[in-house]
Every structure is written in structure tokens, then in C-alpha cells.
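**Q** Quick one: sequence plus predicted model below, questions after.
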Amino acid sequence: SSLFTQSCPQPCTRFLHPPPMPPSASAGSRAAIILEAPSLACPAALVGLWREGAHVDLHLVAGGQRFGAHRIVLAAGSLYLKARLSGEWADSRADVTLDADGISAATLEAVLEFLYTGTCAVAAEGGLPPLLAAASFLQVDALRNAAAAAVAARLTTEGCLDAWELGERYGLAALAEAAAQHARSHFGALVPTPAFAALPAPRLEALLADDRLRVPGEEAVLDALSCWHAAAAPPPGEADVTRLLSHIRFPLIPREAARQALASSALLSSEAALRTVVLAYASDGAARRPRLGGLKLYMMGRCGDSTCVGMEVLDPQRGAWAVGPPLPAARRDLGMAALEGKLYAVG
């Protein structure tokens, strides 16, 4: 089922950790997350007029509450409101109701606070998703980006799939990738969760097809697919099952282990699914290539005075190089060997 309504959603919130708080935070502030963009703040005098309700020329209504505001501030901060204020509301002095767009009073209050002061506080428990939805709907980009960054910083295994969909729904590539990476990196812990059982087939396919999936072995991927298939309601169609099976790297699974796993599941309920498995074992292509999740590439050669003193490390998950630990002693004509999870330097 969709996490969101067609207009402005009230999405699931189980992907949020309690936010980290500075040592000086008061007990009362522990229930809030602060989002800031100080450079966007209005002049203090204008903020003061707004707080006094002076010279407001429009009222927004959400959850039965009226919020006074200045058209110029709304138009400057929200592309959506700018368009509406130039159109059907251009000469209106009536209240503008946003209830139908799924925006609550608390969320609208936070949006207005951000538009005027460049900062706002939202409840740590469930406050970020509706704020992100409202900021996306109202096209308040700075608030949307700040909320997305806060969501990404609070991902959990139980809710990273919800955050992934949230990022894709609102075109937040960084959030979607952060959530997908969390899902790939914690795949084993993700499988027993209700969110995994409810995963749509296309999203599961994106995980199974990814080289960066972190698993102890390919048998774990087959077991995960079997668990998902058994829990899915309604049962997935044959075309979905066949397509998902095509991403299992069967040549990396001993035949007897695969036979036992498949015999205890209903994955091979169609001729197409059986043919997919048979052809996979006959393949000599990508199906025989181990996944990169959890693997790292070590490159020696940080040299000084013709001696090697260290290494650099590539993390395929992030596609980034980092400086590795230095060698205990500088070496010449260096040779390296990997054995049982340890690197040995000879030279």
C-alpha cells in the first residue's frame, strides 16, 4: 500500500531514530528536532509584525486553526503559494484552507515559522515525514532539503524502506540512495522485519539485482526471497517470481543447498521459474560473479623516498577512496597477501 495520499501525505515514521542531542539540551528540547537555514530569515521587524498579527493580509487554515501571514513572505518562500497567489487567490481576502491537501495545523505552523525565521522545530516522534511532505507539496525547497537530510541522518533498519520510497516519491536522490544503501548494508537484519514482507516486487528486485548487497553468501539471498514469497499477501505473480529468481546467483550456491532450499519453498511453481534456475547454473556470465557488498579494495603504494608506507582503500558501497592505516614499518619492493581476513606485507 502507498505511504502517501495523492496530495500531501502523512507517511510512515518508523524509520526515525531519536535525534542526537547536544550535552546542553534541556529536557524539554529532547522531544524536538531543529531544522535551520538562517540565511533565509526575514528581517527581525517583519518577524515581530507577524508574531503580533499586524498587517497580515491572508489567513491559512489547517486542522481548524487559522494562521495569519503576509502574502509577500508566502510568495517569496513557496513556489506553490506564489503561483496560487498570482492566480485564483490574487484578490481574495478569504481564508485559504489547506486541510484538503493533507497538511495539519502543527505542520503548517512549522512551515510558517521556517518561512519567517529560517528555523523550525518538529516533534522527534513522527514530526519529520509530514513536514517533508508539506515542504515538497508547497515547494519550500530549503525546508524540504533540511528535512530530507534529517530523515537520512535517522535511518533505521526497520524503516529504511519507507525512507527509500519517500525519497523517490519526492525526487530526493540523496535520501533515496542513503536509504537504499542502508537496506543493502543491513540486508540480513532487514529480512525478518514486517517492512520487508510488505516490500513491492520492483523494490525487492532492485535489492536482489544490486552488486553491493551485503550478505555472507548467495544462499542468504535465496533464503530472503523464500521468506518474502511466503509472507507476501497477496501472493506474487509468476512473472514477478521468475524475474526475482533471475537475480539470484545460483552458480555461487552449492546445488544440493539450492535444491533443499527450493524444495521447501513455493518459488518453483511454474515452468518459467524452473527454467530460470536451470539456465542460471549453465551460465558463465554475471551470475558467477560474487557480490561486492562488504568487500573492499586495498591499494598499496603511498610511497616516500622509494619506500611504501601505507595504503588507500576503496569502499564499493560508497564508491569512495579513503586513506588506510599506515604500515608498521616502511618497506621496499612490497608484496601483499590476504589470508583469513588479514593483510600481510612482505618486503
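**A** Arrived safely.
**Q** Now S264: closest residue in space that isn't a chain neighbour?
**A** S226 (7.5 Å; CB to CB, 6 or more residues apart in numbering). Yep, even glycine has a C-beta here, placed from its N, CA and C like the rest.
**Q** give the contact list for the one you found.
**A** With contact set as CB atoms under 8 Å, 6 or more residues apart in numbering, S226 has these partners: A261, S264, S265, L267.
**Q** Out of those residues, list just those in strands.
**A** Judged by DSSP state E, the contacts of S226 include no members of strands.
**Q** returning to that earlier point: what confidence value was assigned to the residue nearest to S264?
**A** At S226, the model reports a pLDDT of 96.
**Q** what about it, which SS state?
**A** helix (DSSP: H, G, I helix; E, B strand; the rest coil).
**Q** now do L199
**A** Assignment for L199 (three-state DSSP): coil.
**Q** Am I right that it is in contact with W228?
**A** Yes - at 6.5 Å, L199 and W228 qualify as touching, with contact defined as CB atoms under 8 Å.
**Q** ok, these two, which is more surrounded?
**A** Neighbour tally, L199 and W228, criterion other CB atoms under 10 Å: the higher count belongs to L199, 23 against 19.
**Q** so where do the strands sit in the stretch 101-250 of the chain?
**A** In the stretch 101-250 of the chain, the strands defined using DSSP state E, counting those that start in this stretch lie at 119-123.
**Q** re earlier: quick check: the farthest pair among the contacts of S226?
**A** S264 and L267 (9.7 Å; CB to CB).
**Q** what about the two, which has more around it?
**A** More crowded of S264 and L267, by other CB under 10 Å: L267, with 24 against 11.
**Q** E205 versus that one, what's the distance?
**A** According to CB to CB, to the nearest Å, L267 and E205 sit 14 Å apart.
**Q** Likewise for G118?
**A** Distance from G118 to E205, by CB to CB: 41 Å.
**Q** More neighbours: the two, which one.
**A** G118 (20 against 16).
**Q** Now for the nearest residue to that one once chain neighbours are set aside: which residues touch it?
**A** Distance criterion CB to CB, 6+ apart; nearest residue to G118, sequence neighbours excluded, is A41 at 3.6 Å. The contact partners of A41, taken as CB under 8 Å, 6+ apart, are V47, Y116, T117, G118, T119.
**Q** If we only consider these, which is nearest to E36?
**A** T119 (4.5 Å).
**Q** per-residue pLDDT, the closest one?
**A** Predicted confidence (pLDDT) at T119: the value is 97.
**Q** so what's it up against?
**A** By CB under 8 Å, 6+ apart, the contact set of T119 is I34, L35, E36, A37, P38, A41, E113.
**Q** domains for this structure, by residue range?
**A** Domain segmentation of the chain under the TED database yields 33-154, 199-282, 296-346.
**Q** for this structure, what are the low-confidence residue spans?
**A** 1-30, 88-94, 99-100, 293-296, 300-309, 316-318, 327, 331-334, 339-341, 347 (pLDDT under 70).
**Q** Go again with 80.
**A** Residue ranges of the chain with pLDDT under 80: 1-31, 87-101, 125, 284-287, 292-311, 313-320, 324-347.
**Q** Please report how far the residue sitting nearest the centre point of it lies from L279.
**A** Centroid-nearest residue in the chain: A179, 2.4 Å away (criterion: CA atoms, centre = their mean). Separation of A179 from L279 (CB to CB) stands at 33 Å.
**Q** now do the same end-to-end measure for stretch 324-337.
**A** In stretch 324-337, first residue to last residue: 16 Å (CA to CA, to the nearest Å).
**Q** Quick check: chain neighbours aside, which residue is closest to E168?
**A** A176 is the one closest to E168 (CB to CB, 6+ apart), at 4.9 Å.
**Q** if I read this right, that neighbour contacts C160, doesn't it?
**A** No - at 10.4 Å, A176 does not count as touching C160 under the criterion of CB under 8 Å.
**Q** Looking only at neighbour counts, state which of these two leads.
**A** Using other CB under 10 Å, the more surrounded residue of A176 and C160 is C160, with 25 against 20.
**Q** show me what contacts the nearest residue to the more buried one once chain neighbours are set aside?
**A** Spatial nearest neighbour of C160, excluding adjacent residues (CB to CB, 6+ apart): H182 at 4.1 Å. Residues near H182 by CB under 8 Å, 6+ apart: L155, T157, C160, A163.
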